[in-house]
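Peer 1: missing the sequence, but the structure's below:
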């Protein structure tokens, strides 16, 4: 399958700090999605990106669709304890087929 | 709540037994997906339905796996003769045709002992 390289694999940060994570691929994607997953739960959609260069915010979250269409990043500003979880990127390569990164595990120290 | 609903949430079964998971997608979503997720990994695509038609199946979906969506609404995923390697979370997702965004259910955890 397609390889999505998501980094970092894990992060340990202090409450209030900003966070940045990204996904890269050698393939060109049509859509990028970012999800958050809590233990034992399904992924919850955070942000959807549909056009190269698009920058979209959802509260303290901001994500961008890379201009080359091969990458995307997610920023979280002023992190809080409830931001703890695993964040996944997903890229749509072809019709209705999404490929997922292996996740970034975020730990926030109060 | 009109989100994607999955049942059961947890299933423990003995090796060799058959199991079936059910997914109820978001109302009016005509596309339904099954994914599998193991610890430390992202979800992996298994299969996809548009209405009642199963349009794509991954190589991960061995002949012990079968998925149906008989009336284009809910879907079932059956695993026959379960193996320990089938232990994973099985995720269902749905989307509305024309919008490239998929919404997941809470998942069904399978443990094969």
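Peer 2: In hand now; what should we look at? Computed from a prediction, not measured in an experiment: that's the story for all the values here.

Peer 1: list phi and psi for residue B:14.
Peer 2: Backbone dihedrals for residue B:14, given as degrees, to the nearest 10, come out at phi -80, psi 150.

Peer 1: share the number of residues neighbouring it, please.
Peer 2: Burial measure for residue B:14: 8 neighbouring residues, criterion other C-beta atoms under 10 Å in any protein chain shown. C-beta: built from backbone N, CA, C; applies to glycine.

Peer 1: up against chain B, what does chain A have?
Peer 2: Applying the criterion C-beta under 8 Å from any C-beta of the partner chain, the portion of chain A that neighbours chain B consists of A:1, A:4, A:6, A:30-31, A:33, A:35, A:40-45, A:48, A:50, A:88, A:90, A:92, A:96-103.

Peer 1: residues of stretch A:56-75 that come out buried?
Peer 2: The neighbour-count criterion (16 or more other C-beta atoms under 10 Å in any protein chain shown) identifies A:56, A:61-66, A:69-74 as the buried residues of stretch A:56-75.

Peer 1: so residue B:82, which of the three states?
Peer 2: Three states are possible here, and by DSSP: H, G, I helix; E, B strand; the rest coil the one that applies to residue B:82 is coil.

Peer 1: run through the residues that contact it.
Peer 2: Residues in contact with residue B:82 (C-beta atoms under 8 Å, 6 or more residues apart in numbering or on different chains) are B:13, B:14, B:15, B:16, B:17, B:18, B:19, B:64, B:110, B:112.

Peer 1: ditto for residue A:105
Peer 2: Applying C-beta under 8 Å, 6+ apart, the residues contacting residue A:105 are A:9, A:10, A:11, A:85, A:86.

Peer 1: again, 7 Å this time
Peer 2: Residue A:105 makes contacts with A:9, A:10, A:86, as judged by C-beta atoms under 7 Å, 6 or more residues apart in numbering or on different chains.

Peer 1: residue A:69 too?
Peer 2: Residues near residue A:69 by C-beta under 7 Å, 6+ apart: A:28, A:29, A:52.

Peer 1: with adjacent residues omitted, what lies nearest to the second one?
Peer 2: Among residues not flanking residue A:29 along the chain, residue A:91 sits closest, at 3.7 Å (C-beta to C-beta, 6 or more residues apart in numbering or on different chains).

Peer 1: quick one on the thing from earlier: among the contacts of residue A:69, who's most crowded?
Peer 2: Greatest neighbour count in the contacts of residue A:69, by other C-beta under 10 Å, goes to residue A:29: 27 neighbours.

Peer 1: need the contact list for it.
Peer 2: Contact analysis of residue A:29 by C-beta under 7 Å, 6+ apart lists A:69, A:91, A:92, A:93.

Peer 1: among the residues you listed, which one has the lowest pLDDT?
Peer 2: Lowest in pLDDT among the contacts of residue A:29 is residue A:93, which has 78.
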